[in-house]
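Novice: Got a predicted model here, sequence first, then my questions.
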Amino acid sequence: MERVCFLLRVRPDRLDEYRAHHRAVWTEMTDALTATGWRNYSLFLADDGLLVGYLETDDFAASLAGMEDTDVNARWQALMAPFFALPDGERPDTGLVRLDEIFHLA
């Protein structure tokens, strides 16, 4: 199992709206995440826009690829893209910065 932690940056002027969208994530999106192996998935958001994501999966590359093949992911990423400060051409699911795990207390 892989434990995955990643960072993104939400635009500070869009934090409230971003939070609101995540209080009502589409069932179709959560079903797709589950079907493609995303488990124990959490997002944490700081007041300055720092977004930390955590999930567990058997194979993160395969989980990302599985989501890439879903229509719901394309719609969700298009909806979420304006909330992020990302390089041109990147989406939240392609512009994330994955962190290396250096310690785990089991």
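Specialist: Alright, I've got the coordinates. Numbers count the residues shown, from 1 in each chain.
Novice: quick one: terminal-to-terminal distance for stretch 79-93?
Specialist: 12 Å (Cα to Cα, to the nearest Å).
Novice: what's the average pLDDT for that stretch?
Specialist: Per-residue confidence for stretch 79-93 averages out to 86 on the pLDDT scale.
Novice: mind listing what's buried in that stretch?
Specialist: When burial is assessed from 16 or more other Cβ atoms under 10 Å, stretch 79-93 yields the following buried residues: 80, 83-84, 86, 91-93. Using the backbone N, CA and C atoms, a C-beta is placed for each residue, glycine as well.
Novice: now swap in stretch 57-66 and tell me
Specialist: Of the residues in stretch 57-66, 57, 60, 63-64, 66 count as buried by neighbour count, 16+ other Cβ under 10 Å.
Novice: Other residues contacting that stretch?
Specialist: Stretch 57-66 is contacted from outside by 1-2, 4, 35-39, 55, 93, 98, using Cβ atoms under 8 Å, 6 or more residues apart in numbering.
Novice: Among these, which one sits closest to residue 10?
Specialist: Of all the contacts of stretch 57-66, residue 93 has the smallest distance to residue 10: 14.2 Å, by Cβ to Cβ.
Novice: I'd like the distance between the closest one and residue 106.
Specialist: To residue 106, residue 93 is 29 Å away according to Cβ to Cβ, to the nearest Å.
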